[in-house]
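Asker: Quick one: sequence plus predicted model below, questions after.
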Number of protein chains: 2
Amino acid sequence: MSAQNEIDIVELAEAWSLLPVEDRVGGFRQLDPGDAEEFFFDLDARDQAELLMALPGAERRIWIRLLPPDDAADLVQAAAEEARPGLLNLLDETKRREVSALLAYAEDEAGGLMSSRYARLRPDMTVDEAIAYLRRQAVASIEPETIYYLYVLDGAQRLLGVLSFRDLFAAPGNRTIREIMTTDVVSAHEEMDQEAVAHLFSEHDLLAMPVVDADGVLKGIVTVDDIVDVVEEEATEDIQKLGGMAALDEPYLRTGFLSLVRKRVGWLTVLFFAQLLTATVIGRFSENIEAITALALFIPLILSSGGNSGSQASTLVIRALTIDEVRLRDWWRVARRELATGLTLGAALGLLGLGRIVVGAATGQSYDTDILRLALTLSASLVAVVLFGTLVGSMLPFALRRAGLDPASASGPLVATLSDVTGLLIYFSIASAIIF
Amino acid sequence: MSAQNEIDIVELAEAWSLLPVEDRVGGFRQLDPGDAEEFFFDLDARDQAELLMALPGAERRIWIRLLPPDDAADLVQAAAEEARPGLLNLLDETKRREVSALLAYAEDEAGGLMSSRYARLRPDMTVDEAIAYLRRQAVASIEPETIYYLYVLDGAQRLLGVLSFRDLFAAPGNRTIREIMTTDVVSAHEEMDQEAVAHLFSEHDLLAMPVVDADGVLKGIVTVDDIVDVVEEEATEDIQKLGGMAALDEPYLRTGFLSLVRKRVGWLTVLFFAQLLTATVIGRFSENIEAITALALFIPLILSSGGNSGSQASTLVIRALTIDEVRLRDWWRVARRELATGLTLGAALGLLGLGRIVVGAATGQSYDTDILRLALTLSASLVAVVLFGTLVGSMLPFALRRAGLDPASASGPLVATLSDVTGLLIYFSIASAIIF
């Protein structure tokens, strides 16, 4: 291959998402073999599947066989439904069985994250025997990322204990594995949700965790590098929900147009119907507006102040609940803090509102009502609406979690809408009391 | 110790955040020794520091010496400024030097995350020698979580290459380390930002990464279990910014009241001033409202529809930019998608708006203007405002990143405020064209 023909692996990765399939295949084939392998392994499962489907059968077989079973399972899952049996058939008998077993789990449970290759030991081996055994044969067939812990199993594949390489190395050669293993093992059940698995990892600072079934049989292990992806995925879902929409199932640019609209139109419609109440409230007070048009001036200002402070409060509380910084039973502590915070923030904005009217009056602006009363109405409404927004924003996530729902549904837009309707009632009530 | 006196480690952990310091010390002392160690290691650095400062000097020394250097450095950093020299003095000479070196790095750079204990090999050792060497002495002094990779250094501590335990185990005993090591090492510079380090980890699926200085000297290693925390922290910061506030430096319940207010009042004030423009716009059109009060009815509905669709779009784009699903150069692709999405969502809400007026009219509701024209105004405004909100929400993050600012500043509240001001202009312009 001449130097001109060689394609840089970094350049290809950069351009990948913009290239049509045939150019991807072309670029991939111009990589030298070592680079091609590295490049293929670094692609995500969906890109791997697309590339593979565009290659002729013989090449397809070579590449899919290079993958460890958990990655092969991800690839098969990422391929179109009808292509899956064909892909599975490219694997040898043993690996096909392993991959099929992994495919039986949902993507977001412990079982769906796990690798079926790890180092197993028998409890009655000595340390020297174990080291020799690992050197002789076991190492070649297990994943590089999973070699750190060694799992001790009985004849029925039940997990008896675990030890680290360090434990093994540090022990005298004639001790048995049973004597040096830890039996107090943190493990995940195969159907445990991936978010719960991630919590266990971060709580115990683990590198890998065994996954067991109801009988204590070891089904596989989850490694921490997959947990990094889980934490990132879960954060993405939460962020999207907080933005007032349903979480996307795939990356933004890969989500089809219809799916993108569907994920967004639902909440927009719900919020639209809720917002219709604002028209009803304003309609109830339309005589007041007819009498004093100046009241209409400050509607958006007041509502958005309530919505913004509510969005701040709900975001803070939802995130704190998600990462367990705050528990359900802390609601009263949070309520007291947010009451004080809401009053302070409301007072600050109330003063700014007062200032606005005073400056307006000083520069010759005129309103169709008494300036002092208007200023008082605006300030008092700001204090009340900001306080209300803050309390709704901070308490709604607790209420949702208490009801068994996802606190992240208390998105900024939802809190803003709830505080809009109440905010108008507060504003017009205060105006009625002060001005009329 | 009697059974009644024994405290359950889980119970203590649950109650910890609610207990005053003296009860924490009391509870901690009632744990049996093994549990106490596990409990102490599982506390975060700040809790460790608080507990330690409440213990007498002799106990304080025992506990801090149990910690590996990176955790000890975190503890010292979490303690009050004036307590730090005293804590450092509790360490033995070697560890004090290691901890001081780690303290020199900012908490959020690669250097601040790294551990200074890892397995080192010389390039001219044979495989058998290396295994014997690791069994004999190296293993005891390195962290359990860092044993997976072995780092090959020259006499000046420069990083020559790396190999995994698997590489070492799988190689014939008489080969030298130089022959089997990988020289193509992914490494981080000591001042690299922790978010960039996390990206490298997730891109290359690594368990640990060496940190080097400008001369290629190995300064330490970062392990993936710390990266899980980094990813979670960064997501928390982004989520807080998206809620329209400055990111907190500490967990919610630990943030002082004044700091909590300060982090929130800044953006609230900025948004308040921007919202003052809405009063100006409505003031400019107050004659229209005086003529037709019905126009005021739909102000919140129209503005919130624009704000909600803008919040959706900005959330999606910001998260996609953050996790590199979308790059700066993709802006045009995103703009085209969001144009189509905005039109579709706007049309959907426009139809709902039309429906609202028709149903209102059918049930005998009356407005002080022609119903057909009012319905047209409402629908057309919804389409235009939603489209505008969607475009602003999706493009502002690109503009911020292009200007070298954090795209996450384009929070839902900011986008909503921008679209409020423009939304009013759009609404009244359309009303003027259709009704007046």
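Answerer: Yes, it's here. Given the structure is predicted, the values throughout are model-derived calculations rather than measurements.

Asker: Give me the residue ranges of chain A where confidence is low.
Answerer: A:1-7, A:137-147 (pLDDT under 70).

Asker: what residue is smack in the middle of it?
Answerer: Centroid-nearest residue in chain A: A:Glu234, 1.4 Å away (criterion: C-alpha atoms, centre = their mean).

Asker: What are the boundaries of the strands in chain A?
Answerer: In chain A, the strands defined using DSSP state E lie at A:119-121, A:149-153, A:159-164, A:188-189, A:208-212, A:218-223.

Asker: A:Glu50 reaches A:Val21, doesn't it?
Answerer: Yes - using C-beta atoms under 8 Å as the test, A:Glu50 is close enough to A:Val21 to be in contact (6.6 Å). C-betas here are computed from N, CA, C, even on glycine.

Asker: who's more crowded, these two?
Answerer: A:Glu50 (16 against 11; other C-beta atoms under 10 Å in any protein chain shown).

Asker: Tell me how far A:Ser409 lies from A:Gly283.
Answerer: 29 Å (C-beta to C-beta, to the nearest Å).

Asker: Same check on A:Ser381?
Answerer: 19 Å.

Asker: out of the two, which sits in the more crowded spot?
Answerer: Taking other C-beta under 10 Å, A:Ser381 and A:Gly283 do not tie; A:Ser381 has more neighbours (28 against 17).

Asker: quick one, what contacts the more buried one?
Answerer: A:298, A:302, A:423, A:426-427, A:430-431 (C-beta atoms under 8 Å, 6 or more residues apart in numbering or on different chains).

Asker: Distance to chain B and neighbour count for the residues you listed - can I get that in JSON lines?
Answerer: JSON lines is the format used below for the contacts of A:Ser381 (distance: C-beta to the nearest C-beta, whole Å; neighbours: other C-beta atoms under 10 Å in any protein chain shown):
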{"residue": "A:Phe298", "distance to chain B": "6", "neighbour count": "25"}
{"residue": "A:Ile302", "distance to chain B": "9", "neighbour count": "29"}
{"residue": "A:Gly423", "distance to chain B": "9", "neighbour count": "29"}
{"residue": "A:Ile426", "distance to chain B": "13", "neighbour count": "21"}
{"residue": "A:Tyr427", "distance to chain B": "11", "neighbour count": "26"}
{"residue": "A:Ile430", "distance to chain B": "17", "neighbour count": "21"}
{"residue": "A:Ala431", "distance to chain B": "13", "neighbour count": "25"}
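
Asker: Specify which member of those residues is nearest to B:Ser309.
Answerer: Nearest to B:Ser309 among these: A:Gly423, at 20.5 Å, using C-beta to C-beta.

Asker: What number of residues are in the vicinity of A:Asp32?
Answerer: 12.

Asker: same thing with A:Trp332?
Answerer: So A:Trp332, with other C-beta under 10 Å, has 9 neighbours.

Asker: Next one: it from chain B, what distance?
Answerer: Here the distance between A:Trp332 and chain B works out to 12 Å (C-beta to the nearest C-beta, to the nearest Å).

Asker: try A:Tyr252
Answerer: 4 Å.

Asker: nearest residue to that residue other than its sequence neighbours?
Answerer: B:Ala320 (4.3 Å; C-beta to C-beta, 6 or more residues apart in numbering or on different chains).

Asker: Name the residue of the stretch 251-400 of chain A with the shortest distance to chain B.
Answerer: Nearest to chain B in the stretch 251-400 of chain A, going by C-beta to the nearest C-beta, is A:Thr315, at a distance of 2.7 Å.

Asker: got a list of what that residue touches?
Answerer: So A:Thr315 contacts A:242, A:393, A:412, B:239-240, B:242-245 (C-beta under 8 Å, 6+ apart).

Asker: I'd like those laid out as TSV, including neighbour count and distance to A:Gly342.
Answerer: Converted to TSV, these look like this (neighbours: other C-beta atoms under 10 Å in any protein chain shown; distance: C-beta to C-beta, whole Å):
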residue	neighbour count	distance to A:Gly342
A:Leu242	29	20
A:Gly393	32	9
A:Gly412	31	16
B:Ile239	24	20
B:Gln240	23	17
B:Leu242	28	20
B:Gly243	29	15
B:Gly244	28	15
B:Met245	25	14
